[in-house]
Structures are given as structure tokens and as C-alpha cells.
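J.: Just need the structure, nothing else, for what follows:
(one chain, ligands or ions: 3)
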Amino acid sequence: MTNHATPAERKVRVNLGDRSYDILIGPGLIAAAGGEIASRLKGRRMAVISDENVAPRYLEPLMASLKESGIEAVSLVLPAGEKTKSFEHLIPVCEAILGARIERNDAVVALGGGVIGDLTGFAAGIVRRGSRFIQIPTSLLAQVDSSVGGKTGINSPHGKNLIGVFHQPDLVLADTEVLDTLSPREFRAGYAEVAKYGLIDKPEFFDWLERNWQAVFAGGAARIEAIAVSCQAKADVVAADERENGLRALLNLGHTFGHALEAATEYDSRRLVHGEGVAIGMVLAHEFSARMNLASPDDARRVEAHLKAVGLPTRMADIPGDLPPAERLMEAIGQDKKVKGGRLTFILTRGVGQSFVADDVPASEVLGFLKEKHPQ
Ligand SMILES: NC(=O)c1ccc[n+]([C@@H]2O[C@H](COP(=O)([O-])OP(=O)(O)OC[C@H]3O[C@@H](n4cnc5c(N)ncnc54)[C@H](O)[C@@H]3O)[C@@H](O)[C@H]2O)c1
Ligand SMILES: O=C(O)C(=O)C[C@@H](O)[C@H](O)[C@H](O)COP(=O)(O)O
Ligand SMILES: [Zn+2]
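T.: Numbering: from 1, shown residues only. Ligands and ions are numbered 1, 2, ... in the order given. Okay, the predicted model is just below:
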């Protein structure tokens, strides 16, 4: 790990009035965490939550850095994987925070991927009706997406993220060095959310990714650039529509289908992880848009070709094991948080980088489409 004096290479500000915060991006930020936190927060007690893959690598250097800056910290290590985003694991996180007597001005720290970030953020949002919260995202997905914007929560058998609160972090420290130990599969899954920003409204970023994805996977300047562009894109949307009254729903591109597939595979990370569901969902969203005569089928082919080139699954048939029938997928889609008065909302597109929020999408059209894509 690089020395704690290393400054962040990039900084993105999330502008939310008196709840604004910085996202620092670059190598060496875990070793520098104590100083960065102590210079921003008054509290000197922290509870750090991590998982069994991340903790053996990065918990000790984080705890050392906190200690060096006069911060007293306890830690809790949870099992890795999507199933940890559950009531079962929420309880020990809340109890650890309370047991450590973390006051509102102290902080709860998430050290891990999106699972740890979402679960810990939820606990921080409800303990003492809201405690300070710091995100130290260690997966690509968490660095470009889940650590930013304050959506926190857990899953239900009824659907993804159905139980949670909005609770913004006070600081995000994205140490890009730690991505070197991420598995190739998890790196690819995070890349799906990077590509998402291009597909929403940044066609030039999508072009750039098509040309530079190998460099992003290899590390170095291109990777940091992709993370910074992604964080800036998300920060802009969150600042404009924090609570998803409109624009923010665009960040859900590919997620209505993707979340239904995650629920259908019972959050079994061996079969499907979130970013993979998003990749398949984004191809489906482009194909469905073409079927509705909104976009050219060439765009769907282009999106699929790129996601396939990086090694992501792009079809429901790519998911190992059996999927339930289309009618069951529709039940999960009907539980989506974007449903209003029983009417489905989807993020559709007029082409690469031209996504839009479509409410009142006929369920019969979606069912017919899913039956075509997933014949039983
Ligand atoms: N809140 C939001 O806005 C938001 C946005 C996108 C996704 N999400 C949520 O995030 C979750 C997915 O996040 P994820 O893809 O990070 O999954 P994850 O947290 O399960 O992490 C992926 C895997 O990589 C391991 N890992 C993480 N960092 C590592 C590192 N540096 N070295 C080695 N192993 C490492 C983890 O232990 C885990 O096994 C989903 O639950 C999804 O719903 C939330
Ligand atoms: O931050 C957002 O807003 C997003 O939609 C980002 C998504 O990538 C993320 O997976 C989010 O958790 C999905 O939110 P949900 O409200 O559909 O559960
Ligand atoms: Zn997502």
C-alpha cells in the first residue's frame, strides 16, 4: 500500500447543500483514510463493517490508519455475497454499532463492495435514527455506483432492495489500488454499471469505452478516468434528483429486468451477480425498445457486442440453471419500486446514450417480450 500522505488523484463533489460530500478517487486512500476522516468529522469512534474476502486484505491497514489519526474503531466481518443483504445480517450490524457506543457524530464505516455498503448504510440510517456514514468501496461496482447517492437497503424474497432508506454518506474513499485483488468476474460485473452511464446519456463515453475497455481492465490512468467519469455522472444525477422523483430513475437502466433475474435466482451469487443482471437487463431494455419501434435493433446489437466482448453475460440463457417462467419474472417486475398505481415504469432508449423514463409500459407487451426471450 502506498504511503498515507498520497493525495487523491481525482475528487468529485456530490452537491446536496449542507449534506454535500466528497468522493476521493486514487491509490493509497485506505492508508490515508484516518487523516481524511479526521479532517472532516468531529467524532473519534467508528464501527467498521466488512466481509470475509475484503477484511483479510484491507481491514488491518484501515484500522492502523484510523488509530494513527486518533480514531478508536471496532470491526465486524460478515459473510461475502448477496445473501448478506438481509434482515439476518442487519441485526448484528446494528448491535455492533450500538455495542461500540457509536454516537451520531461518530461514524459507521463500510469497507467492501456494494453488499456491505448497502447493508451498512441502511444500519447507519436507522441506528439512533441516523448516524454518520463513510463508504470505503472496494469493488469496481461500489466505486462507480453503490457508494454514491445514498440508496441503502436489503433484499426481500419479493424483490431487490425493497427494504431500505435514503441515507447519504459523509465521505467516499475509493482506493483504486484494491481493485487489483478483485476477481475478473466481479470486475466485469462492475464494468456493466460503468457502461450504463454511457448508455444513459453519454454516447461519447460509450464510444470511448468501446475503444479503451482493455486499458480500463488493465488498470492505471484509463481505469481511474472511467471511475471518475462514472462518479461525476452519478453525482450530477443525485444532486438533481436525490430521492428519485424523476431523472434519477435513469440510473435504473437495465435494472427492472436485472433485479427480476436476481430475485428469480434467489440472490445466489454463484449463478448471477448484480452487475451481470444489469448487463443482461441493459441488452433486454435495448431489445425491448427496438420491439416498441423506439430504437434501431442495431443499437441493441452494438450494446450486446460490447458487453459480450468484455466477457459479460448478455442473455437470460447465459444464467446457469433453470429460470422460472416469464409469468414469475413478471411478478418480480410488478414489485419494482418504480411501479406507480400498478403501472410499470421502464428505462427505455431511442439509441445508445438516449435513454428515457417510460411510465405506463403495458405489462402485456413486457410479458410477450419475455416469453419470446425465454421460451419455456
Ligand atoms: N446503493 C446503490 O446505489 C447501488 C448501486 C449499484 C449496486 N448496488 C448493490 O450493490 C451490490 C453489488 O455490489 P458488488 O458488485 O460490489 O458486490 P459484493 O459486495 O458482493 O462484492 C463482490 C465480491 O467481491 C469481493 N470483493 C470486494 N472487493 C474486493 C477486493 N478489493 N478484493 C477482493 N475481493 C473483493 C466481495 O467480498 C464479494 O465477494 C448489489 O447488492 C446491488 O444491489 C447498490
Ligand atoms: O442509485 C441509483 O439510483 C441506482 O438506480 C443505481 C443502481 O445501479 C443500483 O443498483 C440501485 O441500488 C438500484 O436501485 P433500486 O431503487 O432500483 O433498488
Ligand atoms: Zn445497479
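J.: any chance you could map the strands in this structure?
T.: Remark: strands assigned in the chain by DSSP state E are 10-14, 21-26, 45-51, 72-78, 107-112, 132-137, 154-156, 159-163, 171-175, 344-349, 355-361.
J.: Next, format these as TSV and append mean neighbour count and distance to ligand 2.
T.: In this view, the C-beta of every residue, glycine as well, is placed from N, C-alpha and C. Formatted as TSV, the strands of the chain follow (neighbours: other C-beta atoms under 10 Å; distance: least, C-beta to the nearest ligand atom, whole Å):
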stretch	mean neighbour count	distance to ligand 2
strand 10-14	18	12
strand 21-26	22	14
strand 45-51	25	18
strand 72-78	18	19
strand 107-112	29	14
strand 132-137	27	13
strand 154-156	20	9
strand 159-163	19	3
strand 171-175	26	13
strand 344-349	23	9
strand 355-361	16	12
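J.: Please spell out the segments of the stretch 51-200 of the chain that come in under the pLDDT threshold.
T.: The stretch 51-200 of the chain contains no residues with pLDDT under 70.
J.: Contact residues of it facing ligand 1?
T.: 51, 53-54, 57, 80-82, 85, 112-116, 118, 138-139, 141-142, 145-146, 149, 151, 160-161, 178, 181-182, 186, 189-190 (C-beta under 6 Å from any ligand atom).
J.: ok, now the stretch 201-350 of the chain?
T.: Counting by C-beta under 6 Å from any ligand atom, the stretch 201-350 of the chain comes close to ligand 1 at 273-275.
J.: okay, which residue is most central for the chain?
T.: Residue closest to the average C-alpha location in the chain (C-alpha atoms, centre = their mean): Ser146, at 3.0 Å.
J.: Enumerate every residue touching it.
T.: 113-114, 117-118, 137 (C-beta atoms under 8 Å, 6 or more residues apart in numbering).
J.: go with 10 Å
T.: Residues in contact with Ser146, defined by C-beta atoms under 10 Å, 6 or more residues apart in numbering, are 110, 113-118, 121, 135, 137, 139, 152, 190, 193, 234, 274.
J.: Drop anything exposed from the residues of the stretch 51-200 of the chain next to ligand 1.
T.: 51, 53-54, 80-82, 85, 112-116, 118, 138-139, 141-142, 145-146, 149, 151, 160-161, 178, 182, 186, 189-190 (16 or more other C-beta atoms under 10 Å).
J.: Right, and ligand 1 sits closest to which residue of the stretch 251-376 of the chain?
T.: His274 (3.8 Å; C-beta to the nearest ligand atom).
J.: Now do that residue: how many residues are near it, please.
T.: 29 (other C-beta atoms under 10 Å).
J.: That one: what's it in contact with?
T.: By C-beta under 10 Å, 6+ apart, the residues touching His274 are 82, 85, 113-115, 118, 141, 145-146, 160-161, 189-190, 192-193, 255, 258-259, 261-262, 267.
J.: now Val194
T.: Counting by C-beta under 10 Å, 6+ apart, Val194 touches 140-141, 143-145, 205-206, 209, 213, 216, 223, 226-227, 229-230, 233, 275, 310.
J.: Could you do Pro324 as well?
T.: Pro324 touches 260, 263-265, 331-332, 374, 376, counting by C-beta under 10 Å, 6+ apart.
J.: ok, of those residues, which come out buried?
T.: Buried members of the contacts of Pro324, counted by 16+ other C-beta under 10 Å: 260, 263-265, 332, 374.
J.: Among those residues, which ones are in helices?
T.: Members of these lying in helices (criterion: DSSP state H): 260, 263-264, 332.
J.: one step back: can you tell me which of the residues of the stretch 51-200 of the chain next to ligand 1 are in helices?
T.: Of those, the ones assigned to helices by DSSP H are 57, 114-116, 118, 141, 186, 189-190.
J.: In terms of distance to Ser289, which of these ranks first?
T.: Nearest to Ser289 among those: Ala189, at 23.2 Å, using C-beta to C-beta.
J.: Find the residue closest to that closest one in space, skipping its chain neighbours.
T.: Of all residues not flanking Ala189 in the chain, Gly275 sits nearest, at 2.8 Å (C-beta to C-beta, 6 or more residues apart in numbering).
J.: May I ask you to confirm that that neighbour is in contact with Arg188?
T.: Yes: under the contact definition of C-beta atoms under 10 Å, Gly275 touches Arg188, with a separation of 7.1 Å.
J.: what about these two, which has more around it?
T.: Between Gly275 and Arg188, counted using other C-beta under 10 Å, the more crowded position is Gly275 (28 against 22).
J.: and that one, what does it touch?
T.: Counting by C-beta under 10 Å, 6+ apart, Gly275 has contacts 114, 139-141, 145, 185-196, 254, 258, 312-313.
J.: Could you report the distance from it to Pro61?
T.: From Gly275 across to Pro61, the span is 26 Å (C-beta to C-beta, to the nearest Å).
J.: And Gly254, by the same measure?
T.: Computed as C-beta to C-beta, the Gly254 to Pro61 distance reads 35 Å.
J.: Neighbour count: these two, which is higher?
T.: Neighbour totals were compared for Gly254 and Pro61, and Gly254 leads with 30 against 16 (other C-beta under 10 Å).
J.: my guess is that one meets Leu284, correct?
T.: Yes: using C-beta under 10 Å, Gly254 is in contact with Leu284, at 7.3 Å.
J.: who touches both of the two?
T.: Residues touching both Gly254 and Leu284 by C-beta under 10 Å, 6+ apart: Phe346.
J.: about what we covered before: spatially, which two of the buried ones among the contacts of Pro324 are the most separated?
T.: Farthest pair in the buried ones among the contacts of Pro324, by C-beta to C-beta: Ala263 and His374, 14.6 Å.
J.: Now do the contacts for Lys308.
T.: Going by C-beta under 10 Å, 6+ apart, Lys308 touches 279, 283, 314-315, 318.
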